[in-house]
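1. Starting from these lines, generate the structure:
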Amino acid sequence: MFSNFDFGVIASSLPYLFGQGMVFTVTLTALAAAMGVVFGTLIAMMRLSGIPGISHLAKGYVELMRSLPLVLVIFWFYFLVPYIGAWATRSPTPIQVGAFSSALITFTLFEAAFFSEIMRAGIQSIPKGQTAAAQALGMTYWQTMATVVLPQAFRNMLPLLLTQTIVLFQDTSLVYVLSLTDFLGAASKVAQRDGRLVEMYLFAAVVYFAVCFTASFLVRRLHSRVAIIR
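-> Numbers count the residues shown, from 1 in each chain. I've put the predicted structure just below:
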């Protein structure tokens, strides 16, 4: 069955696949995850603030992002951001925004909606008595969140945050619609160039499986270590 397959094309393409494709994928994943967690935490705090306007705005944002296909959001921001930039700077022509910047903005804002729900659950998992005690000491809402609630919430939700990051790692393959060269895009280019589609796509699948399976295993080990026994 495999007699006509040429897996040698994989070995000769490894520097390109990992030196450019995987580096791009990991970079985009790390940046989008870090920025998404920060923005998502802010959204979660807004949603739990109890201020009607702010709370409803945060809830509407989360529901909107979670109801749209990611590939649609990628196209949306890719074509919309230049016009938003032009409007903000009062420029007569659309602002030139690179494909990578558009992808980073898209993944950050999209994943922030999911990270915010994880952080909201983490914040709500902290006993209300700790919040009441902090307020009794004269702390404001933001001080209570920053010094008492969020450190514990991050510890409780760290495995879930990392699991969502693994999902983000997989989703970055959608940047092919912007002609960006991530790992899957690099594999696709090699496959079409050398006419070895089965070999390259099979190798890409094995790599994604190995990375995600290993990461998931490490997350489970981490969960057993950081779990707070009550």
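
2. going forward, measure contacts between C-alpha atoms and count neighbours the same way
-> Will do.

3. Next up, phi/psi of residue 98, please.
-> Main-chain dihedrals, residue 98, degrees, to the nearest 10: phi -60, psi 160.

4. Quick one: distance of the helix or strand encompassing residue 43 to the chain centre.
-> Element membership of residue 43, judged by DSSP states H and E, is helix 23-47. Mean C-alpha position of helix 23-47 versus that of the full chain (Cα atoms, centre = their mean, to the nearest Å) differs by 6 Å.

5. Which residues does it contact?
-> When contacts are defined by Cα atoms under 8 Å, 6 or more residues apart in numbering, helix 23-47 is touched by residues 54-59, 104-105, 107-117, 119-120, 161, 165, 168-169, 172-173, 181-183.

6. And the strands in this protein, which stretches?
-> Ranges of strands within the chain: none, based on DSSP state E.

7. quick one: least confident helix or strand in the protein?
-> Counting by mean pLDDT, DSSP states H and E, the chain has its least confident helix or strand at helix 141-144, which shows a mean of 80.

8. So which bits of that helix are buried?
-> residue 144 (16 or more other Cα atoms under 10 Å).

9. The lengthiest helix in the chain packs against which elements?
-> Secondary structure assigned by DSSP state H gives helix 197-226 as the longest helix of the chain. Packing contacts for helix 197-226, counted by 3 or more Cα pairs under 8 Å, 6 or more residues apart in numbering; DSSP states H and E, involve helix 8-16, helix 150-171, helix 183-194.

10. In a markdown table: the ones you listed, plus mean neighbour count and mean pLDDT.
-> Output for the helices and strands packed on helix 197-226, formatted as a markdown table (neighbours: other Cα atoms under 10 Å; pLDDT from 0 to 100):
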| stretch | mean neighbour count | mean pLDDT |
| --- | --- | --- |
| helix 8-16 | 13 | 84 |
| helix 150-171 | 18 | 90 |
| helix 183-194 | 19 | 89 |
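
11. Check the burial of residue 117 by counting its neighbours.
-> Using other Cα atoms under 10 Å, residue 117 is surrounded by 18 other residues.

12. Check what pLDDT it gets.
-> What the model reports for residue 117 is a pLDDT of 93.
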